[in-house]
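Colleague: Quick one: sequence plus predicted model below, questions after.
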Amino acid sequence: MLILGETGAGKEVVARALHDLSNRRSGPFVAINAGALAESVVESELFGHEPGAFTGAQKRRIGKFEFANGGTLFLDEIESMSLDVQVKLLRLLQERVVERMGSNQQIPLDIRIIAATKEDLRHAADQGRFRADLYYRLNVASLRIPPLRERGEDALMLFEHYADAASMRHGIPKHELKPGQRALLLRHNWPGNVRELQNAAERFALGLELELEPEGVDAEQAPPPGGGLSDQVESFERALIAAELARPHSSVRSLAEALGVPRKTLHDKLRKHGLTFGDSSGASDDND
């Protein structure tokens, strides 16, 4: 099966849902991003290897295909695979066996492979960058995930869902969107799709300013919003401390332990960020 969609559109979420709805749901779901693997290790990661298969291979390694046996393997950014690896993948799909590097043993496989791409693989095949036979093998069934900008009010619904989930995860009160913020979310083009929306919702849940990526900027290439790295670190630090302050703590010592910092450091950071602890005057006398 082949899933098509832009970066951040939620291809892995869809693949996992397909797995959970299938008769393989009790088996493993293994996800791997082919574009994140160096060419030197991609075969070992996917197919595994035996000791001595290459320089530095001292132990047997089980590949992702074997790990997914009985379940589903999700291959994202399949367009980034080299032609040599594509040949081996095609053979695996046809014969339903895998051979570890350095071994002649054929291991039977019972897996479902779901591939995903952000490119037009038919066009890539015409250009010789992707094997046409592999494309047709994968494209028996295909599913296109529309970008968030084409999904109308889904953006608002998803934003509220992720913001509420973040609030629950951090144990802090939920924030209500103002009319102007709702209009901004509906008007935004979402160049980073669901991934960008999740990041924005997380920041909103932490009480940070609602900042969105500039139009036409890919989420993976966009600069950090709201100034430089130090500004972002300061904002996140303040939000993290504020979130922990919203939880019940009997003393500054308890709060410091929860945040993993010494009490003196915590006092300094509370002053720096203009935050207060209800019992800070007496809590500092806690024993270490």
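Modeller: Looks like it came in fine. Residues are numbered from 1 along each chain as shown.
Colleague: Just give me the residue right at the centre of this protein.
Modeller: Centroid-nearest residue in the chain: residue 195, 7.6 Å away (criterion: CA atoms, centre = their mean).
Colleague: in what helix or strand does that residue lie?
Modeller: Here residue 195 is covered by helix 193-205, with elements defined by DSSP states H and E.
Colleague: Send me that helix as CSV with only the CA atoms.
Modeller: What follows is helix 193-205, C-alpha atoms only, in CSV (Å, rounded to 0.1, in the frame of the first residue of the first chain):
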residue,chain,number,x,y,z
ASN,A,193,0.6,20.6,8.1
VAL,A,194,-0.4,18.6,11.2
ARG,A,195,3.2,18.6,12.6
GLU,A,196,3.2,22.4,12.7
LEU,A,197,-0.3,22.5,14.2
GLN,A,198,0.8,20.1,17.0
ASN,A,199,3.8,22.3,17.9
ALA,A,200,1.6,25.4,17.9
ALA,A,201,-1.0,23.7,20.1
GLU,A,202,1.6,22.6,22.6
ARG,A,203,2.9,26.2,22.9
PHE,A,204,-0.6,27.5,23.3
ALA,A,205,-1.3,24.9,26.1
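Colleague: List the contacts of it.
Modeller: Identification of contacts with helix 193-205 by CB atoms under 8 Å, 6 or more residues apart in numbering yields 5-10, 13, 147-148, 155, 158-164, 166-167, 170, 172, 174-175, 177, 190, 192, 209-213, 219, 222, 239. To be clear about C-beta, it is placed using only N, CA and C from the backbone, and glycine gets the same treatment.
Colleague: so what's the backbone phi/psi at residue 37?
Modeller: phi -100, psi 130 (degrees, to the nearest 10).
Colleague: What residue, apart from its backbone neighbours, is nearest it spatially?
Modeller: Nearest-residue entry for residue 37: residue 45, 5.7 Å, with adjacent residues in sequence omitted and distances by CB to CB, 6 or more residues apart in numbering.
Colleague: residues in contact with the one you found?
Modeller: Neighbours of residue 45 in contact, by CB under 8 Å, 6+ apart: 32, 37, 63-64.
Colleague: if we take these, which one ends up nearest to residue 78?
Modeller: Nearest to residue 78, judged by CB to CB, of these is residue 32 at 10.0 Å.
Colleague: ok, how many other residues are close to the closest one?
Modeller: Per other CB atoms under 10 Å, the neighbour tally for residue 32 reads 21.
Colleague: Now it: which helix or strand?
Modeller: Going by DSSP H and E, residue 32 is in strand 29-33.
Colleague: The residue nearest to residue 37: helix or strand, and which one exactly?
Modeller: Going by DSSP H and E, residue 45 is part of helix 42-47.
Colleague: Give me the residues contacting the following helix or strand past that helix.
Modeller: Past helix 42-47, further along toward the C-terminus, the next helix or strand under DSSP H and E is strand 48-49. Where contact means CB under 8 Å, 6+ apart, the residues beyond strand 48-49 that reach it are 43, 57, 60-63, 65-66, 98, 100-103.
Colleague: and those as JSON lines, adding neighbour count and pLDDT?
Modeller: Converted to JSON lines, the contacts of strand 48-49 look like this (neighbours: other CB atoms under 10 Å; pLDDT from 0 to 100):
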{"residue": "43", "neighbour count": "20", "pLDDT": "86"}
{"residue": "57", "neighbour count": "15", "pLDDT": "83"}
{"residue": "60", "neighbour count": "13", "pLDDT": "88"}
{"residue": "61", "neighbour count": "17", "pLDDT": "89"}
{"residue": "62", "neighbour count": "13", "pLDDT": "90"}
{"residue": "63", "neighbour count": "21", "pLDDT": "91"}
{"residue": "65", "neighbour count": "24", "pLDDT": "94"}
{"residue": "66", "neighbour count": "18", "pLDDT": "94"}
{"residue": "98", "neighbour count": "23", "pLDDT": "92"}
{"residue": "100", "neighbour count": "22", "pLDDT": "91"}
{"residue": "101", "neighbour count": "17", "pLDDT": "90"}
{"residue": "102", "neighbour count": "15", "pLDDT": "90"}
{"residue": "103", "neighbour count": "16", "pLDDT": "90"}
